[in-house]
Each structure stands twice: as C-alpha cells, then as structure tokens.
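J.: test case, fold it:
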Amino acid sequence: MTFTTNLFLIGLLPWFILFCYLLRNNKKSKLALILIANSIFYIWGGVGILGFLCLFSVAVWLFCKVLTRKKNKIIMGTFITITTIPLFLIKYLQFIISNINSAFNINIQSPSLVIPVGISFFTFEAISLICDTYKTKECLKKMSFLEIYAYLSFFPTITSGPIIRFQKFREGMNACIKISNYNSAIERIVIGLCKKVLIADKIAVLSDYYFEGVAKGNSYSCIGLWIGSVAYTIQLYYDFSGYSDIAIGIGQLLGFDIGENFNRPYRACSISDFWKRWHISLTKWFRDYVYIPLGGNRCNISRHIFNMLVVWLLTGIWHGADWSFIVWGMGYFVLLCVEKYIPFMKKMSTSWIGHIYTLFFVNILWVPFRASNLSIAMKYILGMFGLGSCSSIEWGTVRFLPYLLISILLCFPIEKILKKNEVKNWHGITRGICFLALAILAICAVINASYTPYIYGNF
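T.: Sure, this is the predicted structure:
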C-alpha cells in the first residue's frame, strides 16, 4: 500500500485523521493507533513480510538491550553486521551472483526473494538506533519492544523516508497533539499528493517515452533527449518530495516533527550545496554514521578523499543493485573532490555560473539513475551530445513543454508572493478554497488514473 492508492486515501487516511483527533491527549492510545496503522499499512505486502519485520524488530530490540548493559565496540560492529545481512541477501545477492556468472562464464542459480517494502530505510534506522544505543544515551535505556517496532515500521516513513532517529521518534510519541497543527498538516498532505499525481505522474509520460524508447533501441533527437532528461529531473523531485510532504503531514497529525527532506535542491549553487538540500535525512545519516566515524575532513587530503570515496560508493550501492547506481555515486564523488580541492571551482560556486554547472551535472547524473542499466545510460548520454541521435525533433513532445516549464518554475519559491497577500482578509478564504479544489482534483486523478508507484519506494 502507498499514499496514492484508493485504499489509503479513501479507506484508511480519513479514519486515521479522525482517530488522531479523538485520541490526541492519550499517549498510550497514540502508540496503539500507530501500531495498528503500521500493521495495516505493511501487511498489504503480505503476512510473511510483516512477520519478517516483526522478527527484525525483535533482533534489534535484543541488540540494543545487550548494548545498554555492555558497551563494546566489537559487539556493536557484530550487531550492525547482522542487521545488514537481510538487506545484503535480499537486495544485492542476485546482483553479485549475476556478475560472478558473467565474469567466470558459469551458471550459479540465484534464489528468488521477495524484497520487503522500505528495507533500505528501516535497516538504516536500525543501524542508527544500535549506534546511538552504544553511545549510552540515557533516553535509549528504557525503550520497549513495542516502541522499537513502532519506530521501524512507522508507516509514514517506511516506504521512502525521511530517515528519522529514534530520539526524534520518541519525542513525537511524548508530544501533545495541537489542534492548530491540523490545518497545516492537511495542507501539507494535499501539497504532497498534488506534487505526485498532478505533476510527477504527468511528467513521467514524457521521461518514460525517451528512456524506455532508448532501452528498446530507438533513436531520438539530441534536443528531445535533453527534454527527456530534464523531464525525469523534474519528475523525480516532485515524486520524492511529494512523498516526503505527505509523510511530514501525517506525522504532524500525530504530533511528530519528522523534519524536512528537501530544501529547494534545484536552486543549489554547487554540488555540495545540492546534497545539503536533496534527501537531507540520507545525507545526514551518511555524515553521522559513516563519514564522521571514518575521520571526516579532519585528516590529510588522501585520507579525506578515501572517506568521501567510501561514502559515495555506499550511497550508490544503497540506491540500487546495478553498476549504473555505482557510476552515479562515483560521479558525485569526483565532482565533490573537484569542488573541494580546485580553487577555481570554489570561486565558481559564488556566482551564477555555479547554479548552471550544478544543474547541468545533476541532470546528467540522473540519467544513469533512471536508465535500466549502464549501457542504456551511456547510449542515452551519448545521444544527448549528438552521437547516435537523429536530427529531427519529436514534435509530439512539444505539447508537454508548457506543462514542463510550469513544473520547473514551481521548483522555485513562491512564498514571497503568498506572504504579501496574507494580511488581506480574503487570503484565508481563498487559500482554503484552493486547497479544497486541489484535494478534490488530486483524488479524482488518483481514482481515474492507473497506479504509479513512488520512485524511491524501489530503494
């Protein structure tokens, strides 16, 4: 089940909002509501998958219990390794076996395993919980199994994040729900839903046309391929940030401050700035649990470059079991090293040129991220620069250009315009009518359109 299915929007969300309101002052009831909602949301993938998550939660709870009594780095490392084994076996074993078969011309059969929804996200949350417990934070010493299960299976974030820390989750559990939060929470949910079904899913038609066409061996114009790559750049942002908006809004209904996951990333003036704005929770996770433990930037140049290499290699692997994701991660590693150690690039980030080159490389690197494999990605990129592409533009794409242009403009802030009108009496009424109209339009789009899963739900 995801946020844009009829079952969730019509069958689950209205009841969830009602019970959130009725049980807002009872902490035990809040925990019970979250446990029930988590189980209903996750059981849609199958009883076996829910059982796996329960066993996983039991293991993490036991690991944390041991670490509260015995602070030992070797034990912590062992527990982290055990925690990552399911992710490794389920998500990467088939990729490793297929590469071994290709390298040695053999035929090892790989097991067919069902990938639990959100396994990458709840595995990272489990690792953060184990590491934080090792640091002997007092607030983690009295955690119950139900709290840990509720945390790891928290349905607003389990599919595509944001990645939250247990301390933040516990603060949300203990927070009082304010009725004043309901308006902003529902508005946030509506915004996220509109981003997904009214923008991302519509732009997907254009990006899929080019990427899937290249995968089938079709040739397209250089301009058309650039339009297709820009369309995917926009689609991915609205798809993922839309999910995050809905997750944050649902969290607000329960009194949780999940934290922002995006901060207008396409306004970034450098690659480093982009990753401070894009998927913020993942960037902070790698910073706190990989980059800093390796030594961060408080070391010599060679060691710092090695630390960055490890982080971006793992970032690429985390996103998917294919060489295209590894190349995507290595591309950012190279760009960040260049920004860090070439003075000219540092000066560029302070001018308008920084915005242009950042958008250029971000757009290029989304191609291997989207392509089915590395060979298709290379063919697509070569076509963007005129190699193997045809000369005439696909005029059928022209009808998408106004919609694409509007979507691009909406990536930039419009708060200043809205704030100028906040003092006017008609602003509140107009705002309410607009959000109601958008909500109806988005729900109608969900009912009438075919189901389109969230892109980051695959990770």
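J.: C-alpha only now, for contacts and for neighbours.
T.: OK.
J.: how about stretch 86-97: buried residues?
T.: Neighbour counts over stretch 86-97 (16 or more other CA atoms under 10 Å) mark P86, L87, F88, I90, K91, Y92, L93, Q94, F95, I96, I97 as buried.
J.: looking at this, the fourth one is in a helix?
T.: This means I90. Yes. Assignment of I90 by DSSP: H, G, I helix; E, B strand; the rest coil places it within a helix.
J.: give the rounded mean pLDDT of the host helix or strand of V58.
T.: Assigned by DSSP states H and E, V58 belongs to helix 47-69. Mean pLDDT, helix 47-69: 88.
J.: flag every buried residue along the helix or strand that comes right after that helix.
T.: Where DSSP H and E defines the elements, the next helix or strand beyond helix 47-69 is helix 73-87. Neighbour-count burial for helix 73-87 flags M76, F79, I80, T83, T84, P86, L87 (criterion: 16+ other CA under 10 Å).
J.: chain center to helix 73-87, what's the gap?
T.: With CA atoms, centre = their mean, to the nearest Å as the basis, helix 73-87 stands 24 Å off its chain's centre.
J.: which residues touch that helix?
T.: Helix 73-87 is touched from outside by F56, V60, F63, L67, I119, S120, T123, A126, I127, I130, C131, Y134, with contacts defined as CA atoms under 8 Å, 6 or more residues apart in numbering.
J.: list the contacts of the second one.
T.: Under the criterion of CA under 8 Å, 6+ apart, the neighbours of V60 are T83, A126, I130, I148.
J.: closest to I447 out of the contacts of helix 73-87?
T.: I119 (28.3 Å; CA to CA).
J.: what about the closest one, neighbour count?
T.: Look at I119: counted by other CA atoms under 10 Å, it has 23 neighbours.
J.: what's the spacing between it and I49?
T.: From I119 over to I49 the distance is 10 Å, taken as CA to CA, to the nearest Å.
J.: and if you look at I96?
T.: From I96 over to I49 the distance is 23 Å, taken as CA to CA.
J.: also I100?
T.: 29 Å.
J.: higher neighbour count, those two?
T.: I49 (17 against 14).
J.: show me where the stretch 101-250 of the chain has helices.
T.: Ranges of helices in the stretch 101-250 of the chain, per DSSP state H, counting those that start in this stretch, are 119-134, 145-152, 155-158, 166-174, 180-194, 201-215, 222-253.
J.: now render those as JSON lines, adding mean pLDDT and distance to W278.
T.: Shown next, in JSON lines, are the helices of the stretch 101-250 of the chain (pLDDT from 0 to 100; distance: least, CA to CA, whole Å):
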{"stretch": "helix 119-134", "mean pLDDT": "92", "distance to W278": "16"}
{"stretch": "helix 145-152", "mean pLDDT": "91", "distance to W278": "23"}
{"stretch": "helix 155-158", "mean pLDDT": "88", "distance to W278": "16"}
{"stretch": "helix 166-174", "mean pLDDT": "87", "distance to W278": "20"}
{"stretch": "helix 180-194", "mean pLDDT": "85", "distance to W278": "16"}
{"stretch": "helix 201-215", "mean pLDDT": "91", "distance to W278": "20"}
{"stretch": "helix 222-253", "mean pLDDT": "92", "distance to W278": "9"}
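J.: and of these, who's closest to V311?
T.: Closest approach to V311 among the helices of the stretch 101-250 of the chain is made by helix 119-134 (14.0 Å; CA to CA).
J.: tell me how far that closest one lies from the chain's centre.
T.: Distance of helix 119-134 from the chain centroid (CA atoms, centre = their mean) equals 16 Å.
J.: can you list contacts of that helix?
T.: For helix 119-134, using CA under 8 Å, 6+ apart, the contacting residues are 60, 63-64, 67-68, 71-73, 76, 79-80, 83-84, 87, 140-141, 152-153, 158-161, 163-166, 285, 289, 318, 459.
J.: where does this structure have low pLDDT?
T.: 1, 45, 137-141, 349-350, 388-389, 391, 413-429, 449-459 (pLDDT under 70).
J.: and the closest residue to M345 other than its chain neighbours, what element?
T.: Once flanking residues are discounted, M345 sits nearest to E339: 5.2 Å by CA to CA, 6 or more residues apart in numbering. If you go by DSSP H and E, E339 is part of helix 323-341.
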